[in-house]
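Student: Here is my input; please provide its structure:
(chains A and B)
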Number of protein chains: 2
Amino acid sequence: MTGGPSAGVRPLATAEVIAVGSELLGSTRLDTNSLFLSEILSSLGIVLRAKAVVGDSRREIAAVLRGALERVDLVILTGGLGPTDDDLTREAVSDVLGVPLVEHADIVEHLTQRFARRGLKMPDVNRRQAQILRGGVVVENPNGTAPGQMFERGHQVILLLPGPPRELKAMMAELARTALAQRSGTERLFRTTLFIVGRGESHVEEIAQPVYSTWLQDTPPIETTILAAPGQIELHLVVRSADASAAERALAEAREQLVAVLGADVFSIDGRSMEEIVGALLLERTLTIAAAESCSGGLMMSRLTDVPGSSAYVAGGVVVYSNELKTTLAGVDPAVMGVHGAVSEPVAMALAEGIRARTGASIGVGITGIAGPTGGTPEKPVGTVCIAVVGREGASAVRTFSLFGTRTMIKFWSAQYAMNMVRRMLLEV
Amino acid sequence: MTGGPSAGVRPLATAEVIAVGSELLGSTRLDTNSLFLSEILSSLGIVLRAKAVVGDSRREIAAVLRGALERVDLVILTGGLGPTDDDLTREAVSDVLGVPLVEHADIVEHLTQRFARRGLKMPDVNRRQAQILRGGVVVENPNGTAPGQMFERGHQVILLLPGPPRELKAMMAELARTALAQRSGTERLFRTTLFIVGRGESHVEEIAQPVYSTWLQDTPPIETTILAAPGQIELHLVVRSADASAAERALAEAREQLVAVLGADVFSIDGRSMEEIVGALLLERTLTIAAAESCSGGLMMSRLTDVPGSSAYVAGGVVVYSNELKTTLAGVDPAVMGVHGAVSEPVAMALAEGIRARTGASIGVGITGIAGPTGGTPEKPVGTVCIAVVGREGASAVRTFSLFGTRTMIKFWSAQYAMNMVRRMLLEV
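Tutor: Take a look at the predicted model:
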């Protein structure tokens, strides 16, 4: 299948997302799939007009779906496709469309084999997942047991997709390349994002606003949104156009203008995370890294090793909460801790040097601080974090940060700033 | 005003929340007010049946509101009460109810004074915020300019509240004490959750379903939902009752019945995470823990140290990606790796024993495996993970797991299973 609308069928212009699941109506959990769906729909030039969340009730799923079908071209239902009694999306859609469900032998076979590969017998309940709307098209799920379904009614399309984000994302991305691309119009949304660390939201705004405010009058106009996310400030640039190369050119120029004013605080211009950026720099320079972490509890190493291929440049490291382990595992001289305290720049340096020596890594990182909620003093309150980076040929940097927020936020920011210091050192050499 | 339903009016039993604002339909922002509203509604015994998000369109707000009024007793609209042209909630509700908006002189006066106190003249646009549905009741907003509104129609109630969380929360909390308490029934919602690890969703269902299926006929009936979350299967139990002690008793009994059939695979009966449960067990027994992590890259230590107070029982540990570091940092005999390979139960044991000896911790954990996406072999495919736990007096356990999913999922599950093995060992001693 290729892009562009099919001849004679009105292209899909509007959409509504219905997330199914009683757990999404409680006080602890939100439907986050709609964020991804909104983005991918907008890349197809389809406007998300409304979202709904409904519990595991056949009657209520049906009622909300009926409302949506009165208003939009495309309705995407997520969740409720599991094998159990409270997975009722299939039945509710069948009720609304007046189309029966039929069991697909192929899917039963596929599911049976999937279980068999793990040495398991398929439980009987899983047969429910083979129930497909008559006339509907099966959407394959490479990452799970629940297949999706696509049903066309006149110019309208109804999509049933599973709730787990990993399954949904792969399936929706594939549909956006194929069936949905065929049914959408010629205008597309193009976007780029810049990630910034080391400046607050209002400072970024102050610097960037005079630049981006002029772009709304350009052809094509660029819309800019500024957003504070954990560990970074984000600038989202969006262009709507039928001309892909003009849009990409405009975004590239805009990006350059922003980098010119924001400088090296921009750490990513292509959506890659800090750990991906640092990993790519290390790989490019064939260097390795090791860390001795106290208050960040191993989070920096864990984030670095989230990146596929990171075993090429992550040597390893230690987590050293107690002063004893700072000495036995990272070689910190107890006298240095005695004089300066465990949370101090000299100890951060000793951790970085010690772990670099013990692992033979090109770069050593030391992190020591107070993540809270207790343990602070008037001189060194919760959030005080000292970070050191030691490289080859005596290159080194050490800084003390005053971080705010919960324990997990302070851990996250410690790891983020440590990786940013590594990034800055790598850019300089 | 006091609690308890007004004589002769059917109490409010069901609700729907409609969040108004085009910014909530993009790819970056979610409506989070509904979490707070869900909690406060359930404390009043009112069930949140559905949620919706709609853009700043008079027609679409009206359409979604019409749908909600067909299904529930209470509709809460949040947002769209500001002074500008795209604040259209008032008008849309007026359209649906067929009730005109009238300007309240009191509110105009109040707004004028509010601006005057800051030395400002009220902009003319703010007069729109004084438009109240005829017959409606003004809900005071102590934290902002937009007043709320409450309108009763038969047994139904429509609430208009502002979007900013600080304003909404104060107003809703006050309504829950007064007008809504008067209109709600005597029944309240009570809930509990069980977290399970080591069994798949359908296996948990198979075991638990014969137990919980009987509870719907009990007095009070218990509704059960089963949910697959990252690292765990969750069972959510909900009871609706006017008798708090009967409800709590029923939930406690139900919980016991489930634990009886699911056994030690139930790791949490109070919403605490695996790292909190393991931490509490260690603290209780005044034990400490250390880990030597390979494929999990420090994630287990990072998760354990997410818990406030964890420095009391987390000694520390090492991240050892390379074979060299497995030897130098964790004392693994190179010969053992030569014979069995780095991903093997003997190496997991050597890691656990080595880190326990080097840190002096009561419990040592060793994790070695292949997180992927590359590095697998036919004998040891991606997802093969060996985990060992070594305790005092020679207690030890070692297992090999076959995990599925992305690199970060395999890391997460490795840490989850390792902590679960620690938990099982702690429960046995």
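Student: For stretch A:317-324, the averaged confidence score.
Tutor: Mean pLDDT, stretch A:317-324: 94.
Student: what's the offset of it from the middle of its chain?
Tutor: 30 Å (C-alpha atoms, centre = their mean, to the nearest Å).
Student: can you check stretch A:406-424 too?
Tutor: Distance, centroid of stretch A:406-424 to centroid of chain: 17 Å (C-alpha atoms, centre = their mean).
Student: Over to stretch A:382-392?
Tutor: Computed by C-alpha atoms, centre = their mean, the chain-centroid distance of stretch A:382-392 equals 26 Å.
Student: Remind me what the lengthiest helix in chain A packs against, helices and strands.
Tutor: For chain A, the helix with the greatest residue count under DSSP state H is helix A:407-428. Packed against helix A:407-428, as judged by 3 or more C-beta pairs under 8 Å, 6 or more residues apart in numbering or on different chains; DSSP states H and E, are the following elements: helix A:274-284, helix A:299-304, strand A:363-369, strand A:384-390, strand A:396-402. For every residue, glycine as well, the C-beta is placed using N, CA and C.
Student: Which parts of the stretch 1-150 of chain A are helices?
Tutor: A:33-43, A:58-69, A:89-97, A:105-117 (DSSP state H, counting those that start in this stretch).
Student: Ok, the stretch 201-350 of chain A next?
Tutor: Going by DSSP H, counting those that start in this stretch, the stretch 201-350 of chain A shows helices at A:201-212, A:244-262, A:274-284, A:299-304, A:323-328, A:334-340, A:345-359.
Student: Now do the same for the first one: mean pLDDT, whole number.
Tutor: So that's helix A:201-212. Mean predicted confidence for helix A:201-212 is 86.
Student: Then the second one?
Tutor: Taken as a whole, helix A:244-262 has an average pLDDT of 94.
Student: coming back round to it: rebuild the helices and strands packed on helix A:407-428 as CSV, extending it with distance to residue A:177.
Tutor: Converted to CSV, the helices and strands packed on helix A:407-428 look like this (distance: least, C-beta to C-beta, whole Å):
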stretch, distance to residue A:177
helix A:274-284, 23
helix A:299-304, 30
strand A:363-369, 40
strand A:384-390, 42
strand A:396-402, 43
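Student: Would you tell me which of these gets closest to chain B?
Tutor: helix A:299-304 (3.9 Å; C-beta to the nearest C-beta).
Student: residues of stretch A:257-276 that come out buried?
Tutor: For stretch A:257-276, the neighbour count (16 or more other C-beta atoms under 10 Å in any protein chain shown) marks A:258, A:262, A:265, A:266, A:267, A:268, A:269, A:272, A:273, A:274, A:275, A:276 as buried.
Student: Can you name the residues of the stretch 51-200 of chain A that neighbour chain B?
Tutor: Within the stretch 51-200 of chain A, the residues that sit near chain B (C-beta under 8 Å from any C-beta of the partner chain) are A:51-57, A:60, A:63-64, A:67, A:70-71, A:82-86, A:118, A:123, A:125-126, A:143, A:164, A:166.
Student: Test for you: state the pLDDT assigned to residue A:5.
Tutor: 45.
Student: Kindly apply the preceding question to residue A:217 instead.
Tutor: Per the predicted model, pLDDT is 83 at residue A:217.
Student: burial measure for the residue nearest to residue A:44 when sequence neighbours are not counted, as a count.
Tutor: Once flanking residues are discounted, residue A:44 sits nearest to residue A:184: 4.2 Å by C-beta to C-beta, 6 or more residues apart in numbering or on different chains. By the criterion of other C-beta atoms under 10 Å in any protein chain shown, residue A:184 has 23 neighbours.
Student: now the one 5 residues further on
Tutor: By the measure other C-beta under 10 Å, the count of residues near residue A:189 is 19.
Student: that older thread, now the helices of the stretch 201-350 of chain A in CSV, please, with extra columns for distance to residue B:171.
Tutor: Below are the helices of the stretch 201-350 of chain A laid out as CSV (distance: least, C-beta to C-beta, whole Å):
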stretch, distance to residue B:171
helix A:201-212, 27
helix A:244-262, 40
helix A:274-284, 40
helix A:299-304, 39
helix A:323-328, 51
helix A:334-340, 51
helix A:345-359, 48
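Student: Return the most buried member of those helices.
Tutor: helix A:299-304 (a mean of 29; mean count of other C-beta atoms under 10 Å in any protein chain shown).
Student: In chain A, where is pLDDT below threshold?
Tutor: A:1-8, A:429 (pLDDT under 70).
Student: Centre of chain A to the edge, which residue is at the far end?
Tutor: Using C-alpha atoms, centre = their mean, the residue of chain A lying farthest from its centre is residue A:335. It sits 43.5 Å away.
Student: so what's residue A:36 up against?
Tutor: Residue A:36 makes contact with A:165, A:168, A:169, A:172, B:27 under the criterion C-beta atoms under 8 Å, 6 or more residues apart in numbering or on different chains.
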